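A.B. asks: sequence-free structure coming up:
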């Protein structure tokens with residue numbers, strides 16, 4: 001995966017040719033020598049020279065970027081992290097800098113910082129912009145961290161764009177298998193006896209977005225036949241059916257519950273399905289069970305709030321949505337649910353406050369799933 005970003009090293013050449021302006025000639029000489037060392041495939045010499053150059057001119061963002069890139073290519077991730085930390089302080093709008101910083105932190109096991117910086121890089125780019133290999137790699141690692149956090153749907157949404165750009169990368173396929181089967185681990189932590197089912201699930205997800213529907217359907221059938229009892233295989237298929245044949249989705253969620261009686265996501269999906277079908281008593285039951293099993297999860301609270309508000313129980317729905325807000329204070333969707341609930345209760349000042357928060361958060365998170 002790391003070598004996929006080698007194309008951006010062209011920036012190093014541009015960096016070494018940056019105008020010296022008022023800097024001393026010594027800086028020009030050293031930066032030119034650093035460029036030549038890099039071009040001659042002498043990374044240790046290039047690192048030494050670039051280090052001298054940035055010590056002479058600490059505000060040279062392009063030099064810190066070049067130094068970080070060379071360190072990354074040499075597997076010196078802590079040193080790369082330190083150089084890129086300096087670089088993004090000098091140029092806060094440098095998307096590649098934030099992305100590479102996050103990749104370095106991922107390699108050093110600083111997953112919290114890596115997540116924040118990879119997410120920042122992702123959010124700084126318009127969703128439809130062609131972003132190239134560096135951001136494909138960055139989004140892949142961002143997805144792995146979302147999976148590790150249990151944010152499986154978010155991870156899949158981030159990977160959809162990558163799937164269309166990097167169709168057959170086996171590492172990316174494997175990671176999407178983890179998200180599809182709701183396994184909150186990094187790929188390196190998957191036991192050997194589970195790697196095949198994860199790969200099959202990942203290939204199924206990938207084919208949903210890159211191949212003809214018949215191929216994805218064949219993938220699902222093969223997965224169900226080979227691993228009919230593996231956790232979340234039926235859930236994965238049910239999610240797919242909910243978008244193409246919604247009338248067939250519930251049996252898959254019920255089968256998942258039969259195999260895994262404590263499944264919270266299956267209950268949430270059944271609650272949502274029953275709400276849409278007008279089976280509100282059943283919907284509330286499924287949602288309350290999900291809340292009991294996982295009181296600190298947002299999904300069950302939202303499912304309960306939706307079922308109750310559809311039932312006309314707006315005060316009880318409000319309690320569910322407020323509980324969801326306490327768990328996730330920056331979700332625009334939750335603010336919209338609250339605004340609608342306050343409107344139904346005639347609490348117009350509260351409605352306007354939540355609507356304003358919704359509008360603000362939507363702007364702030366315009367490029368976030």
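C.D. replies: Done, it's in. Just so you know, these numbers come straight off a predicted model, no measurement behind them.

A.B. asks: Where does the prediction get shaky in the protein?
C.D. replies: 1-25, 126-131, 164-167 (pLDDT under 70).

A.B. asks: Which stretches in the stretch 1-150 of the chain count as helices?
C.D. replies: With helices called from DSSP state H, counting those that start in this stretch, the stretch 1-150 of the chain shows them at 10-16, 25-39, 43-56, 61-73, 77-90, 95-107, 111-123, 132-149.

A.B. asks: what packs against the helix or strand following the last one?
C.D. replies: Note on helix 132-149: by DSSP states H and E, the next helix or strand toward the C-terminus is helix 152-165. Counting contacts by 3 or more CB pairs under 8 Å, 6 or more residues apart in numbering; DSSP states H and E, helix 152-165 is packed against helix 132-149, helix 170-180, helix 195-210. For the C-beta atoms, the positions are set from N, CA and C on the backbone; glycine is no exception.

A.B. asks: sorry, back to before: put together JSON lines for the helices of the stretch 1-150 of the chain, with mean neighbour count and distance to residue 217 on each row.
C.D. replies: Listed next are the helices of the stretch 1-150 of the chain as JSON lines, based on neighbours: other CB atoms under 10 Å; distance: least, CB to CB, whole Å:
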{"stretch": "helix 10-16", "mean neighbour count": "17", "distance to residue 217": "43"}
{"stretch": "helix 25-39", "mean neighbour count": "18", "distance to residue 217": "50"}
{"stretch": "helix 43-56", "mean neighbour count": "19", "distance to residue 217": "49"}
{"stretch": "helix 61-73", "mean neighbour count": "25", "distance to residue 217": "41"}
{"stretch": "helix 77-90", "mean neighbour count": "21", "distance to residue 217": "42"}
{"stretch": "helix 95-107", "mean neighbour count": "25", "distance to residue 217": "35"}
{"stretch": "helix 111-123", "mean neighbour count": "20", "distance to residue 217": "31"}
{"stretch": "helix 132-149", "mean neighbour count": "22", "distance to residue 217": "24"}
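
A.B. asks: For residue 347, which of these is the nearest?
C.D. replies: helix 111-123 (32.2 Å; CB to CB).

A.B. asks: what's the closest residue to residue 327 other than its chain neighbours in contact with, if anything?
C.D. replies: Nearest-residue entry for residue 327: residue 298, 5.0 Å, with adjacent residues in sequence omitted and distances by CB to CB, 6 or more residues apart in numbering. Residues near residue 298 by CB atoms under 8 Å, 6 or more residues apart in numbering: 324, 327, 328, 331, 334.

A.B. asks: Now restrict those to buried residues only.
C.D. replies: Buried by 16 or more other CB atoms under 10 Å: 324, 327, 331, 334, out of the contacts of residue 298.

A.B. asks: a markdown table for the residues you listed, including distance to residue 174?
C.D. replies: Below are the buried ones among the contacts of residue 298 laid out as a markdown table (distance: CB to CB, whole Å):
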| residue | distance to residue 174 |
| --- | --- |
| 324 | 32 |
| 327 | 30 |
| 331 | 29 |
| 334 | 32 |
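
A.B. asks: got a list of what the residue nearest to residue 120 when sequence neighbours are not counted touches?
C.D. replies: Nearest residue to residue 120 in three dimensions, chain neighbours excluded: residue 98, at 5.0 Å (CB to CB, 6+ apart). For residue 98, the contacting residues are 88, 117, 118, 120, 121, 124, by CB under 8 Å, 6+ apart.
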